[in-house]
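A.B. asks: I would like the atomic coordinates for the input below:
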Amino acid sequence: MKENIDNKVLSRLRIDETEYTTRLSKKFVNRKPYVPEVPGAVMSFIPGTIIELLVKEGTKVNAGDDLIILEAMKMLNRVKCPVSGVVKSIHVKPGERVTRGTLLLEIK
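C.D. replies: Residues are numbered from 1 along each chain as shown. All right, here's what the predicted structure looks like:
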């Protein structure tokens, strides 16, 4: 929704449960939505250490489910499932250090 206040075009932007009224840049308005290269591939988004695997091969998962706990910078990060499906293969084990972009597991 757009508003015109003091000759400035403002838009409403919703992030999580909070709504903001702001001016959106052309770059933001024309951005392309993120699409993973391989939809079923779950990659590490930050370097860290695998603390726990929350799924096994063959487990049915839904988009948004927690898959792996990854420790980075003394924080525990829950790696979420991007798509619904079945865990095809797991490429890491607890205690393993990974870099950004490492293939963690595949979902089919």
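
A.B. asks: okay, now the domains of the chain?
C.D. replies: For the chain, automatic domain parsing gives the domain ranges 1-31, 41-107.

A.B. asks: residue ranges for the helices of the chain, please.
C.D. replies: Assigned by DSSP state H, the chain shows helices spanning 26-29.

A.B. asks: in it, where is pLDDT below threshold?
C.D. replies: Under the criterion pLDDT under 70, the flagged ranges of the chain are 1-8, 35-36.

A.B. asks: got the residue ranges for the strands in it?
C.D. replies: 2-5, 8-15, 18-22, 41-43, 48-53, 60-61, 66-72, 75-80, 85-90, 97-98, 103-107 (DSSP state E).

A.B. asks: what comes up buried for the longest one?
C.D. replies: Just to be clear, that refers to strand 8-15. residue 10 (16 or more other C-beta atoms under 10 Å). No exception for glycine: its C-beta is placed from N, CA and C like everyone else's.

A.B. asks: helices or strands up against it?
C.D. replies: Packing contacts for strand 8-15, counted by 3 or more C-beta pairs under 8 Å, 6 or more residues apart in numbering; DSSP states H and E, involve strand 2-5, strand 18-22.

A.B. asks: who does it pair up with?
C.D. replies: Partners of strand 8-15 in the sheet, by DSSP bridges, are strand 2-5 (antiparallel), strand 18-22 (antiparallel).

A.B. asks: run through the bridge partners of residue 53.
C.D. replies: Per DSSP bridges, the residues bridged to residue 53 are residue 68.

A.B. asks: how far away is it from residue 32?
C.D. replies: 32 Å (C-beta to C-beta, to the nearest Å).

A.B. asks: one step back: make TSV from the strands of the chain and add distance to residue 28 to it.
C.D. replies: Shown next, in TSV, are those (distance: least, C-beta to C-beta, whole Å):
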stretch	distance to residue 28
strand 2-5	14
strand 8-15	9
strand 18-22	10
strand 41-43	24
strand 48-53	29
strand 60-61	32
strand 66-72	27
strand 75-80	24
strand 85-90	31
strand 97-98	31
strand 103-107	30
